[in-house]
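Asks: Structure of the sequence below:
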Amino acid sequence: MEEKKVIKISLSTVFLVIAIILIFIMAYYIYVEKANANKEIASLEANAINMQNTINDLQGKIDNISNTINSSTNKESNNSQSNNTSSNENIKFSDDEIKKCLQEYLELVGIREGSPLGMLVKLGLCDYSDYDNANKTDDNYVKTNIKYSDYKEKMLNYVTEEWFNTNFENGYKQQDGLLYYFDGGASGIEFEVKDITLKGDYSDLAYIAEVYNVHLDDTKELENIEFHISDNNGKCVISYCD
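Replies: Residues are numbered from 1 along each chain as shown. Modelled structure (predicted):
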């Protein structure tokens, strides 16, 4: 009877030992898993910190680039404004220079009204005799041996390029680089500049001129015209004239 009891105790002890071993194994497993989880969390936190540092670094570079671009844009804008101001400040002509500029311009306009060829002669580009027996095109233009670029260059001593393109292609045209003039006209007009005054205190470019329109019988009619001037390499030229 006692022998059976011993066997029973031995089996219980074995089960107890097994249970304890299983508990240790489970505890170790839980410990290992927790340790791995902590490592993974620490790794994720480190990656998040690195990623945030990278974002901050990139943002800093973007801000630097943006500041550089804005600084460059502001500098160019300031330079442009400075250049414009400088250009306007350079337009300081005397009244005599301005009156002479307007007088020469009006003389060209008046001659052109009478004869487009006459204006070319006035500019020193040709003589009347050069085209005494010139052939005309179907639209009544005469071909010259004058380069159109030479004609334009001469005119830019009196007017701006924009005003030239607006007003002094009338009666003239170019073909194959050569100048053609319209063979026709009316009676020429003679002008005499009497006086000039600034149109307003806000600009040194806009003027009102008192101009005599001299008729064929030498009578004079006084009229007011508005004109604007510009600086072409230190020379006063007309940029607008009504």
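Asks: So, low pLDDT: which residues of this structure?
Replies: 1-9, 53, 66-68, 70-91, 185-187, 201-202 (pLDDT under 70).
Asks: biggest strand in it by residues?
Replies: When the chain is scanned for its longest strand (criterion: DSSP state E), the result is strand 220-232.
Asks: so the helix or strand that it is followed by versus strand 220-232, what angle?
Replies: As assigned by DSSP states H and E, the chain's next helix or strand after strand 220-232 is strand 235-241. In terms of direction (axes from the mean of the first three to the mean of the last three Cα atoms, to 10 degrees), strand 235-241 departs from strand 220-232 by 120 degrees.
Asks: got the buried residues for strand 235-241?
Replies: Cys236, Val237, Ile238, Ser239, Tyr240, Cys241 (16 or more other Cβ atoms under 10 Å). (C-beta placed from N, C-alpha, C; glycine too.)
Asks: So which residues make contact with it?
Replies: 93, 97-98, 100-102, 105-106, 109, 156-160, 162-163, 205, 225-231 (Cβ atoms under 8 Å, 6 or more residues apart in numbering).
Asks: Identify the residues contacting stretch 159-176?
Replies: 105, 112, 116, 141, 143, 148, 151-152, 155-156, 179-182, 230, 232, 237-241.
Asks: From start to finish, how long is it in a straight line?
Replies: Chord length of stretch 159-176, first to last residue, is 24 Å (Cα to Cα, to the nearest Å).
Asks: again with stretch 195-213
Replies: End to end - Cα to Cα - stretch 195-213 spans 13 Å.
Asks: Enumerate every residue touching Met119.
Replies: Counted by Cβ under 8 Å, 6+ apart, Met119 has contacts Leu108, Ile111, Arg112.
Asks: Could I get the full set of helices for this structure?
Replies: In the chain, the segments counted as helices under DSSP state H are 2-90, 95-114, 116-122, 148-155, 161-167.
Asks: So which of these is nearest Tyr212?
Replies: Of all the helices of the chain, helix 95-114 sits nearest to Tyr212, with 10.3 Å by Cβ to Cβ.
Asks: burial count for Tyr181?
Replies: If you count neighbours by other Cβ atoms under 10 Å, Tyr181 ends up with 26.
Asks: Can you tell me, leaving aside adjacent residues, what's nearest to it?
Replies: Pro116 (4.3 Å; Cβ to Cβ, 6 or more residues apart in numbering).
Asks: how close does that neighbour sit to Tyr141?
Replies: Going from Pro116 to Tyr141 by Cβ to Cβ, to the nearest Å gives 9 Å.
Asks: try Asp217
Replies: Applying Cβ to Cβ to Asp217 and Tyr141 gives a distance of 33 Å.
Asks: Settle it for me: which of the two has more neighbours?
Replies: Between Asp217 and Tyr141, counting by other Cβ under 10 Å, Tyr141 is the more crowded of the two (20 against 5).
Asks: Who are the contact partners of the closest residue to that one other than its chain neighbours?
Replies: Nearest residue to Tyr141 in three dimensions, chain neighbours excluded: Tyr180, at 4.2 Å (Cβ to Cβ, 6+ apart). Contacts for Tyr180 (Cβ under 8 Å, 6+ apart) come out as Thr137, Tyr141, Val142, Lys143, Thr144, Tyr172, Lys173, Gln174.
Asks: Name whatever forms a beta bridge with Tyr180.
Replies: Tyr180 has these beta-bridge partners by DSSP bridges: Lys143, Lys173.
Asks: Filter the contacts of strand 235-241 down to just the buried residues.
Replies: 93, 98, 101-102, 105-106, 109, 156, 158-160, 163, 205, 225, 227-231.
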